[in-house]
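# sequence unavailable; structure follows:
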């Protein structure tokens with residue numbers, strides 16, 4: 001993590017116009033659970049930068065396919081990121097690992113959608129159950145976080161375009177507490193309700209950023225649009 005931080009963070013701070021809001025919602029110590037929307041491949045970098053500015057070390061739940069890429073796998077493991085094997089018997093292990101990390105006072109970041117939105121208009125996807133299950137099993141409030149602008153840097157829609165000076169936003173909201181769910185920790189309906197509430201809060205946070213720099217579907221490069229459809 002220290003190596004990645006020394007290389008990536010200076011580049012992020014100098015190369016992009018990063019707008020960070022609401023980071024005071026993140027406690028400076030103790031367990032933290034953050035949920036973020038997913039519009040681009042650049043999102044983890046932007047969010048990690050914002051969290052690091054708060055003095056915390058983020059641990060992301062990362063899909064297993066990235067752990068199969070030489071070099072990337074070493075970085076992810078060395079930085080303590082949590083592997084998620086979706087749709088396999090090993091899938092519950094990632095939540096157990098995240099629970100242990102939270103119990104030890106660490107900060108966990110989850111993308112509730114589970115993957116990047118490939119819709120031409122970047123509409124959010126339905127949330128997976130992992131975030132809600134983790135929130136209800138631990139009782140830790142969820143901090144909603146919206147990010148925007150990364151799709152112009154690196155995304156399925158626009159490709160890789162790391163030109164300097166691009167605006168990237170990261171906005172944190174107030175922690176969401178899910179009281180009254182104590183007896184529904186294993187209820188799929190409760191998981192759906194919690195996931196939907198978190199995504200609704202993220203969309204509210206994102207609305208202002210989206211207004212500041214609108215995304216127009218026709219801007220999408222044709223060859224990338226064909227790939228994501």
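Structure's in. What do you need? Remember, it's a predicted structure, so these values are computed and weren't measured experimentally. Residues are numbered from 1 along each chain as shown.
# kindly provide the distance from residue 94 to residue 33.
For residue 94, the distance to residue 33 (C-beta to C-beta, to the nearest Å) stands at 14 Å. Yep, even glycine has a C-beta here, placed from its N, CA and C like the rest.
# could you say which helix or strand contains residue 98?
helix 91-103 (DSSP states H and E).
# what does that helix rub up against?
Residues outside helix 91-103 that contact it (C-beta atoms under 8 Å, 6 or more residues apart in numbering) are 31-33, 59, 61, 82-85, 108, 110, 130, 133-134, 137-138, 140.
# tell me which residues in that helix are buried?
94, 95, 97, 98, 99, 101, 102 (16 or more other C-beta atoms under 10 Å).
# same check on stretch 11-25?
Buried residues in stretch 11-25 (16+ other C-beta under 10 Å): 12, 16, 18, 19, 20, 21, 22, 23, 25.
# strands of the protein, start to end?
In the chain, the segments counted as strands under DSSP state E are 17-21, 32-36, 58-63, 82-84, 107-110, 142-148, 154-155, 159-160, 167-172.
# ok, the residue lying farthest from the centre of the chain to residue 139 distance?
Most distant from the centre of the chain: residue 183, at 27.8 Å, with distances by C-alpha atoms, centre = their mean. Distance, residue 183 to residue 139, by C-beta to C-beta: 13 Å.
# swap in residue 215?
From residue 215 to residue 139 the distance is 36 Å (C-beta to C-beta).
# low-confidence stretches in the chain?
Judged by pLDDT under 70, the chain has its weakly predicted residues at 64-80, 85-92, 218-229.
# for the longest helix seen in it, buried residues please.
Across the chain, the helix with the greatest residue count (assigned by DSSP state H) is helix 188-212. Going by neighbour count (16+ other C-beta under 10 Å), the buried part of helix 188-212 is 190-191, 194-195, 197-199, 201-202, 205-206, 209-210.
# now those in CSV, with distance to residue 170?
Output for those, formatted as CSV (distance: C-beta to C-beta, whole Å):
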residue, distance to residue 170
190, 29
191, 26
194, 23
195, 21
197, 21
198, 16
199, 17
201, 15
202, 12
205, 10
206, 11
209, 9
210, 14
